[in-house]
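S.K.: Kindly return the folded structure for what I paste below:
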Amino acid sequence: MKVRAVILLLSGLFLAACEEKGPAQSLGERIDEGVSEARDATEGALESLGDSVERAADDFEDATD
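M.R.: As a prediction, the model looks like this:
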């Protein structure tokens, strides 16, 4: 019975500790957001570059025909 009470008490403490955000968790979330934004911007730029290369290749092909 004492073991069960200790386990319940520790479980409650761990859950209570997880509810509050600490500075490291806030920093981690900001880093995640920054990485996500950078990835989205990079993907958009690469897609635009790919479209430009495709158009240039089509123009070159049309010019050589």
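
S.K.: Nearest to the spatial middle of the protein, which residue is it?
M.R.: residue 36 (4.1 Å; Cα atoms, centre = their mean).

S.K.: Name the helix or strand for that residue, please.
M.R.: For residue 36, the host element (DSSP states H and E) is helix 23-64.

S.K.: residues contacting the residue nearest to the centre of the chain?
M.R.: Neighbour list for residue 36: empty [criterion: Cβ atoms under 8 Å, 6 or more residues apart in numbering]. (Glycine included, C-beta is placed from N, CA and C.)

S.K.: how near is residue 46 to residue 33?
M.R.: To residue 33, residue 46 is 20 Å away according to Cβ to Cβ, to the nearest Å.

S.K.: returning to what we had before: I'd like to know how far the residue nearest to the centre of the chain sits from residue 29.
M.R.: Per Cβ to Cβ, residue 36 is found 11 Å from residue 29.

S.K.: Same check on residue 61?
M.R.: Counting by Cβ to Cβ, the gap from residue 61 to residue 29 is 48 Å.

S.K.: Repeat that for residue 40.
M.R.: 17 Å.

S.K.: sorry, back to before: so how far is residue 43 from the residue nearest to the centre of the chain?
M.R.: 11 Å.

S.K.: Next: residue 50.
M.R.: 10 Å.

S.K.: burial measure for residue 24, as a count.
M.R.: By other Cβ atoms under 10 Å, 8 other residues sit near residue 24.

S.K.: And residue 5, by the same measure?
M.R.: As a burial measure, residue 5 scores 9 neighbours (other Cβ under 10 Å).

S.K.: three-state assignment of it?
M.R.: What DSSP: H, G, I helix; E, B strand; the rest coil gives for residue 5 is helix.

S.K.: Could you report the pLDDT at it?
M.R.: Here the pLDDT value assigned to residue 5 is 74.

S.K.: What of residue 31?
M.R.: Predicted confidence (pLDDT) for residue 31: 92.

S.K.: same check, this time on the one 10 residues further on
M.R.: Residue-level confidence at residue 41 comes out at 87, pLDDT.
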